[in-house]
Each structure stands twice: as structure tokens, then as C-alpha cells.
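>>> curious how this folds, go ahead:
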Amino acid sequence: MLPDLSEIKIKRKELNLTQEELSELSKVPQSIIAKIENHKISPSYESAKKIFDVLGKENKKKQTARNVMSKNLISIKENEKAEKAIYLMNRHGISQLPVMKKDIPIGTITEKTLVEKISSGKVRSSDKASDLMQESLPIIESNSEIEAVSAMLKYYSAVLVKEKDKIIGIITRTDVIRKSINRKN
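Numbering: from 1, shown residues only. This is a model prediction of the structure:
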């Protein structure tokens, strides 16, 4: 007997899979998955089984950086103004902002550094992101196990995730905590 169909969306999100990725893995059209998740149709037993088989296999895989990372990486270019860095961090509610030079991380602006510089009057409107940055966040491969990520987060506020020499995401302590809570519920 298969689990309840409402579990599909929950398990898919826990695994950080898009409908398109689940479709590709299960060979069930994305439009069908969307309709199942929105309670518009009841799929055939065969389609439901394919989906649950994939979700089961994916769940058994070790948790990796790719499963936990936030794909929406907010960053700033090295020559952009300090005001933009402050705006981005405030608007997106983030506490660290990677500084990039041609899509390569060269440093990080942190909330802590900004507070220190602002309170000491060391931030000018003419400052560039590169004037405010500290060392770059560490970079890990997308297939790195979550245990390795957690160990790094003891010393760093976040880690960047790469795949084929391209930065594809970021993991903060909050991401790891949130993923842990989602797995247990």
C-alpha cells in the first residue's frame, strides 16, 4: 500500500526537489505531479508508485550540501557601493553577503563587520563593497555530506556551494537547523 498522496509534496520539499526534478527522476510528467500536489487528480497506481519509489530512494541518500543549500544566492560585486550592501542585507534579511568579482567570491561582508564599522564611523557613502569585506566564505562541493558542512559552520557563519567550478548556493546555520526540523516533522 502506498502512502497518502499528500505526502508527495511534503517529501519532495524535504528533499529540496523541484517538481521538474522529481518528474525527471520518476519519468512522470511534471504537469501530473503538479495536479497531484494540488489535489486536482488521483494518479494511476503506476504513476504514484514511480513517484514514491523515487522519493524513497532520494530520502535514503545521504544528506548533501545540495539538499540543504539555499539556491537563491544574494551577492554583491566588488565595486558596488556600501549602501547597496546594506540595502541587500536588510531587504533579504541576511547576515552575510558574498562579494564577487566576475562570479568568483573574493570576500564577504558580514552583519558583525558592518555594525562595527558603522558604530565607529568608518563607513562612508563612497565606500565600495571591497572596502567592507572580510575573507571569503569557504567553498564546498555540492555533493559534500551534511556532517562536513555542519563542522565548517562551527567556525564560519556560512559556506558557499559549488558545482563544476560555479557557485550554485549558500548554506547558513539557519539552513541546517531548518532542514533538521523539516526532516523530523
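>>> which residues touch stretch 111-128?
78-83, 85-86, 89, 95-96, 132-134 (C-beta atoms under 8 Å, 6 or more residues apart in numbering). Every C-beta, even on glycine, is put in place using the N, C-alpha and C of the backbone.
>>> and the spatially most central residue of the chain, what does it touch?
Centroid-nearest residue in the chain: Ser70, 1.1 Å away (criterion: C-alpha atoms, centre = their mean). Residues near Ser70 by C-beta under 8 Å, 6+ apart: Gly169, Ile170, Ile171, Thr172, Asp175.
>>> just the residues you listed: which are in strands?
Gly169, Ile170, Ile171, Thr172 (DSSP state E).
>>> which among those gets closest to Val54?
Val54 lies nearest to Gly169 out of the ones in strands among the contacts of Ser70, by C-beta to C-beta, at 21.9 Å.
>>> mark out where each domain of the protein begins and ends.
Following automatic domain parsing, one gets these domains for the chain: 7-61, 67-184.
>>> now those as TSV including distance to Met1?
Listed next are the domains of the chain as TSV, based on distance: least, C-beta to C-beta, whole Å:
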stretch	distance to Met1
domain 7-61	10
domain 67-184	23
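>>> let's have the ones you listed in TSV, adding mean pLDDT.
Converted to TSV, those look like this (pLDDT from 0 to 100):
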stretch	mean pLDDT
domain 7-61	89
domain 67-184	89
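>>> pull the longest helix from this structure.
helix 45-60 (DSSP state H).
>>> only the buried residues of that one, if you could.
Using 16 or more other C-beta atoms under 10 Å as the test for burial, helix 45-60 gives Ser47, Ala48, Lys50, Ile51, Phe52, Val54, Leu55, Glu58.
>>> just stretch 31-46 next, same as before
In stretch 31-46, counting by 16+ other C-beta under 10 Å, buried: Ile32, Ile33, Ile36, Glu37, Pro43.
>>> then it to CSV, C-alphas only?
Extracted C-alpha coordinates of stretch 31-46, given in CSV (Å, rounded to 0.1, in the frame of the first residue of the first chain):
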residue,chain,number,x,y,z
SER,A,31,2.1,18.6,-15.0
ILE,A,32,0.8,15.4,-13.5
ILE,A,33,2.9,15.9,-10.3
ALA,A,34,1.6,19.5,-10.1
LYS,A,35,-2.0,18.3,-10.4
ILE,A,36,-1.4,15.6,-7.7
GLU,A,37,0.1,18.1,-5.3
ASN,A,38,-2.8,20.5,-5.9
HIS,A,39,-5.4,17.7,-5.3
LYS,A,40,-6.7,18.1,-8.9
ILE,A,41,-6.3,14.4,-9.9
SER,A,42,-5.7,11.0,-8.5
PRO,A,43,-2.9,9.4,-10.4
SER,A,44,-2.7,5.8,-11.6
TYR,A,45,-1.2,3.4,-9.2
GLU,A,46,1.8,3.0,-11.5
